[in-house]
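K.L.:
I'll drop the sequence and a predicted model, then ask my questions.
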Amino acid sequence: MIHIRDLNVHYGDIPALQDISLQVAPGECLLVTGPSGCGKSTLGRVLGGLIPHAIPAQLTGQVEVAGLSLQSHSIPEIAQKVGMVFQRPASQLFHLHVEDEVAFGPRNLGLEEEEVSQRVEWALQTTGLVPLRQARPSQLSGGQKQCLAIAAALAMRPQVLVLDEPTASLDVPNTRRVIDTLTNLRAEHGVTIILIEHRLAEAAQLANRVVIMEAGRIVASGPPQDVFADRALRERLGLRRPTEEPSISWSSLIRRNGSGQPTEQPLLSFEAVSAGFNGHAVIHEIDLQLYPGEFTALVGDNGAGKSTLAMVAAGLIKPQSGRLRFLDGVRPRPGLDVALLFQDPQEQLFTDSVDEEVAFGAENYDAFDPDTHRRILQEADLLELRQRRPQVLSVGQQQRTALASCLSLRPRLLILDEPTLGQDWGHLQRLMDYLRLLNQMGTTILLISHDYKLVHHYAHRVILLKDGRIEQIGKIDHSPQLEATYETLNA
């Protein structure tokens, strides 16, 4: 089904893939993983025909997918046999309604309307989007956009499906739904699946074979249980051992009334705040205090309102009702008092180099310090990339660049909205350890994540949001009854 021989890809003078040879059988599920920036997404773009037809890159070697030579066939021809789901789902969504987005591909194939409707209904049900069929894609949460991109790809009934981190922004129920869907696609339709992932627990169970990449090369290949048994390789590349995440809900993991009420003045207070978009409230009557030096996690399913709450806290959305209070009512200074790392890093990157991007805020506030600047670049593993344009980096590298630019001003409150996108565990752990050091020095951190392991490792307090309302506040339960769960979680 997929035949790759002596594949090399360069972006200008920069090598992205080197001497890749790979065979994938029909109906096989291949898991591709490796550290951030190793070339995984470039490989996915090649398989979808975007390289060399749409993305300026130099390609040599031979690539054949579903009987098509990718160098000699056009993207429209390739798209009929190869479906793609990008790391940034918003980049492939452009219709006004969810239903029309899913129908776009089948309609362009000239299918009868009845066939189009059947495919749309199946794709929406498969991804759990039936209740949102008339919603605007631009108003969906990051996880819902991810599901929509997957639904649009599924509606094309491709022979090969390439998914670049499809579960990165998904909660546990939607992650299971996606994995179950992919399992059924293989079993019932013989679809060949290329799964590019950092979250390895579910992906390793689905895959027949795993390929690990490093610096544009394949460094390991074989059955998942054999490849991931190499502890030295995992530790060198910063990969997690694929283990089951807990099958219990957040509410079961949070110990109620786990933290006493601090006596100091809150850094930021929500007082009966409701907020949303276009007159529609997404969060309702939020009463919440964030205190100096806290490391708090905000959790909940896709669409619960987590990102909306974060944007209100950062001053990007005004409350429809209620009041947001910063210290004694002073107006917070953007970047210095509150900084927000967006889910999509490209929304906040705009300069011509990583070095300039990270220095931009500090220089504009006349607060640039060369030693601090270099330390942040070092902790984000960006020193060797400091002269590169952010727009040509991998998504994981872009995420670290955006986070480094937030850190350059040492904000009093730092909000991280799903910082795991594109990150291997090694890079993520290094960054989070640095954030914990800043937290110990007084920085307040609000972490938004679906990642149990991340929350368990770093958060002092956990806030569970459900349907736009605070359902529960407490600490992660470390009782003996759940220690077995955490031993598996933290493997």
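P.N.:
All right, it came through fine.
K.L.:
what's the spacing between stretch 423-430 and its chain's center?
P.N.:
13 Å (C-alpha atoms, centre = their mean, to the nearest Å).
K.L.:
Contacts for that stretch next, please.
P.N.:
For stretch 423-430, the external contacting residues (C-beta atoms under 8 Å, 6 or more residues apart in numbering) are 33-36, 198, 237-240, 379, 381, 396, 399-400, 419-420, 431, 454. All C-beta spots, glycine's among them, are computed from the backbone N, C-alpha and C.
K.L.:
swap in stretch 22-31?
P.N.:
1-4, 7, 159, 182, 186, 190-195, 197, 200, 203-204, 206-211, 218, 224.
K.L.:
what's the answer for stretch 390-397, then?
P.N.:
Contacts of stretch 390-397 (C-beta under 8 Å, 6+ apart): 11, 14, 36-37, 41, 87-88, 165, 345-346, 349, 351, 353-354, 357, 382, 385, 398, 401, 421-424, 427.
K.L.:
which ones among the contacts of stretch 423-430 are found in helices?
P.N.:
Counting by DSSP state H, the contacts of stretch 423-430 place 237, 379, 396, 399, 400, 431, 454 in helices.
K.L.:
could I get the helix or strand in which residue 177 is found in PDB with only the CA atoms?
P.N.:
Using DSSP states H and E, residue 177 sits in helix 172-189. C-alpha atoms of helix 172-189 as PDB (Å, rounded to 0.1, in the frame of the first residue of the first chain):
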ATOM      1  CA  VAL A 172     -10.400  10.600  27.400                       C
ATOM      2  CA  PRO A 173     -13.900   9.800  26.000                       C
ATOM      3  CA  ASN A 174     -13.100  11.300  22.600                       C
ATOM      4  CA  THR A 175      -9.700   9.700  22.500                       C
ATOM      5  CA  ARG A 176     -11.300   6.300  23.100                       C
ATOM      6  CA  ARG A 177     -13.900   7.100  20.400                       C
ATOM      7  CA  VAL A 178     -11.200   8.000  17.900                       C
ATOM      8  CA  ILE A 179      -9.200   4.800  18.600                       C
ATOM      9  CA  ASP A 180     -12.300   2.600  18.400                       C
ATOM     10  CA  THR A 181     -13.200   4.300  15.100                       C
ATOM     11  CA  LEU A 182      -9.700   3.600  13.700                       C
ATOM     12  CA  THR A 183      -9.900   0.000  14.900                       C
ATOM     13  CA  ASN A 184     -13.200  -0.400  13.100                       C
ATOM     14  CA  LEU A 185     -11.900   1.200   9.900                       C
ATOM     15  CA  ARG A 186      -9.100  -1.300   9.700                       C
ATOM     16  CA  ALA A 187     -11.300  -4.300  10.500                       C
ATOM     17  CA  GLU A 188     -14.300  -3.400   8.400                       C
ATOM     18  CA  HIS A 189     -12.900  -1.400   5.500                       C
END
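K.L.:
what sits up against it?
P.N.:
By C-beta under 8 Å, 6+ apart, the list of residues contacting helix 172-189 reads 27, 29, 126-128, 143, 146-147, 150, 154, 157, 161, 163, 166-167, 170, 191, 193, 195, 199, 202-203, 205-206, 245, 301-302, 450.
K.L.:
Equivalent analysis for stretch 273-281, please.
P.N.:
Stretch 273-281 has contacts (C-beta under 8 Å, 6+ apart) with 139, 282-287, 308-309, 312, 317-324, 468.
K.L.:
State the distance spanning the first to the last residue of it.
P.N.:
10 Å (C-alpha to C-alpha, to the nearest Å).
K.L.:
again, but for stretch 310-325
P.N.:
Taking C-alpha to C-alpha as the measure, stretch 310-325 stretches 14 Å from start to finish.
K.L.:
Quick check: buried residues in it?
P.N.:
Under the neighbour-count criterion of 16 or more other C-beta atoms under 10 Å, stretch 310-325 has 310, 311, 312, 313, 314, 315, 317, 319, 320, 322, 324, 325 buried.
K.L.:
pLDDT averaged over that stretch, what's the number?
P.N.:
Taken as a whole, stretch 310-325 has a mean pLDDT of 93.
K.L.:
Would you mind listing where the stretch 251-400 of the chain has pLDDT under the threshold?
P.N.:
Applying pLDDT under 70 to the stretch 251-400 of the chain flags the ranges 257-263.
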